[in-house]
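Asks: structure for the following, please:
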Amino acid sequence: MDTHTIHETTIIEKEYVDTHHVENFVENFAKVYYSWEQSDKSIDNRMESLKGYLTDELQALNVDTVRKDIPVSSSVRGFQIWTVEPTGDNEFNVTYSVDQLITEGENTKTVHSAYIVSVYVDGSGNMVLVKNPTITNIPKKSSYKPKAIESEGTVDSITTNEINEFLTTFFKLYPTATASELSYYVNDGILKPIGKEYIFQELVNPIHNRKDNQVTVSLTVEYIDQQTKATQVSQFDLVLEKNGSNWKIIE
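Replies: So this is what the prediction gives:
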């Protein structure tokens with residue numbers, strides 16, 4: 001009797017879900033929710049407008065969230081959506097941050113906060129918030145530090161000077177070069193024309209390492225942007241190869 005083991009491979013394709021409508025709904029809600037003036041009418045108008053976003057239960061929950069006896073006004077100065085996550089059952093969890101300008105008497109201050117809400121989308125595409133803005137956090141700067149690229153001493157000084165001269169010539173031309181002009185320096189498609197008025201300043205700390213008959217170069221290139229007058233700093237990781245007496249960027 002022969003026994004065969006059958007291995008099945010399941011490929012799960014991630015379905016793309018367009019969430020722009022959800023994002024727009026939450027942003028419009030936030031502009032209403034976090035904005036009010038120091039007047040009874042403004043606070044009443046805010047509650048009336050919130051009916052277009054909240055379930056009846058959440059409307060009741062928010063009746064006294066902004067009190068008329070406290071002389072404070074708020075306006076939205078910044079808003080950003082961080083994540084939109086489908087949770088099943090036609091619901092999406094949306095995490096966002098908001099910057100409010102708070103005015104109390106003659107004093108003003110900016111308050112930055114982050115919240116998460118849940119939005120239900122029905123079969124017709126209509127939406128309603130089913131979870132009140134709940135305090136949360138947003139990503140902070142990571143402590144990750146990429147490993148620094150170092151020279152292994154595999155490229156001699158003559159070759160290093162040749163490559164630096166080649167790259168200086170190339171990067172002077174690069175901002176305004178056409179595709180045909182680039183083809184003398186770069187393999188097709190590696191670096192595309194950018195058509196910008198940048199003035200080349202210098203190569204910064206190019207690091208050369210040999211890889212078989214090729215040389216890898218990691219470097220920073222500084223330009224002056226003619227329009228903004230700011231220094232434009234770009235970083236490149238290139239692979240160069242010499243054909244005859246000419247160098248060319250191949251990767």
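
Asks: pretty sure residue 200 is touching residue 221, no?
Replies: Yes: assessed by C-beta atoms under 8 Å, residue 200 is found in contact with residue 221 at 7.5 Å. For the C-beta atoms, the positions are set from N, CA and C on the backbone; glycine is no exception.

Asks: settle it for me: which of these two has more neighbours?
Replies: residue 221 (22 against 17; other C-beta atoms under 10 Å).

Asks: what is the host helix or strand of the more buried one packed up against?
Replies: Assigned by DSSP states H and E, residue 221 belongs to strand 214-225. The helices and strands touching strand 214-225, judged by 3 or more C-beta pairs under 8 Å, 6 or more residues apart in numbering; DSSP states H and E, are helix 157-173, strand 198-211, strand 231-243.

Asks: take those and write them to a markdown table, including mean pLDDT.
Replies: Below are the helices and strands packed on strand 214-225 laid out as a markdown table (pLDDT from 0 to 100):
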| stretch | mean pLDDT |
| --- | --- |
| helix 157-173 | 94 |
| strand 198-211 | 94 |
| strand 231-243 | 94 |
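
Asks: closest one to residue 83 among those?
Replies: Nearest of the helices and strands packed on strand 214-225 to residue 83, taken as C-beta to C-beta: strand 231-243 at 28.2 Å.

Asks: so what are the sheet partners of that closest one and their directions?
Replies: With DSSP bridges as the test, strand 231-243 is paired with strand 214-225 (antiparallel), strand 246-249 (antiparallel).

Asks: and these, which one's lowest on average pLDDT?
Replies: With a mean of 91, strand 246-249 has the lowest mean pLDDT of the strands paired with strand 231-243.

Asks: is it true that residue 225 touches residue 197?
Replies: Yes: using C-beta under 8 Å, residue 225 is in contact with residue 197, at 7.5 Å.

Asks: between the two, who's got more neighbours?
Replies: residue 225 (14 against 11).

Asks: any idea what that one is bridged to?
Replies: Where residue 225 sits in a bridge, its partners, by DSSP bridges, are residue 198.

Asks: could you do residue 233 as well?
Replies: Residue 233 has these beta-bridge partners by DSSP bridges: residue 222.

Asks: neighbours of it, how many?
Replies: When neighbours are counted by other C-beta under 10 Å, residue 233 comes out with 11.

Asks: ok, it to residue 181 distance?
Replies: 24 Å (C-beta to C-beta, to the nearest Å).

Asks: who are the contact partners of residue 26?
Replies: Contacts for residue 26 (C-beta atoms under 8 Å, 6 or more residues apart in numbering) come out as 81, 94, 96, 117, 119, 129.

Asks: 7 Å instead?
Replies: Each residue near residue 26 by C-beta atoms under 7 Å, 6 or more residues apart in numbering is listed here: 81, 94, 96, 117, 119.

Asks: assumed it was part of a strand.
Replies: No: counting by DSSP: H, G, I helix; E, B strand; the rest coil, residue 26 falls outside a strand, being helix.

Asks: ok, now how distant is it from residue 100?
Replies: 16 Å.

Asks: now residue 204
Replies: 41 Å.

Asks: of the two, who's got more company?
Replies: Set residue 204 next to residue 100 and count neighbours by other C-beta under 10 Å: residue 100 wins out with 20 against 12.

Asks: out of the strands paired with strand 231-243, nearest to residue 192?
Replies: Here strand 246-249 is closest among those (C-beta to C-beta), at 12.5 Å.
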